[in-house]
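1. Sharing a model prediction with you, sequence too.
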Amino acid sequence: MELIQKLFFQLRSDIGGFGASFSSDISWNIAAYLGHELPWYRITPYIGYRGLYDDFDDGSGNDHFEWKTWTYGPQIGIGFRF
C-alpha cells in the first residue's frame, strides 16, 4: 500500500501578538493540509484550508488605526524535499 504510505495530513496552528511593542493585540492562525508524495524527485502537491485572525489597534483620537480581520480560504501548493 505505497499509495497510503506517501499520503500525509498536517494540522498547524500558532498564536501571537499579545500587544507587545508594535504587535497585534492578538493574532492566530490555523491550517490543515492533505498531500501525497509523488515518486518523481520527492515532489509533494498538497491542498488545504487556512484561517488567520488579526486584531490590531494603535494611536488615539484622529491618529487611531484599527484593524480586525479574518482572512481564510483554500490553499494549494507544491513541496520539494532535498
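-> The structure has been received and is ready for your questions.

2. what's the neighbour count on residue 10?
-> By the criterion of other CB atoms under 10 Å, residue 10 has 11 neighbours. Heads up, the C-betas are built off the backbone N, CA and C, glycines and all.

3. what's the distance between the residue nearest to it when sequence neighbours are not counted and residue 11?
-> Nearest residue to residue 10, sequence neighbours excluded (CB to CB, 6 or more residues apart in numbering): residue 33, at 4.5 Å. The spacing between residue 33 and residue 11, counted by CB to CB, to the nearest Å, is 8 Å.

4. quick one: which of those two has more around it?
-> In this view residue 33 and residue 11 are compared by other CB under 10 Å, and residue 33 has more residues nearby, 19 against 9.

5. quick one: strands adjacent to whichever strand or helix holds that one?
-> Secondary structure assignment for residue 33, by DSSP states H and E: strand 26-36. Using DSSP bridges, strand 26-36 pairs in its sheet with strand 7-17 (antiparallel), strand 43-58 (antiparallel).

6. Please point out which parts of the longest one sit buried.
-> By neighbour count on 16 or more other CB atoms under 10 Å, the buried set for strand 43-58 is 44, 46, 48, 53, 54, 56.
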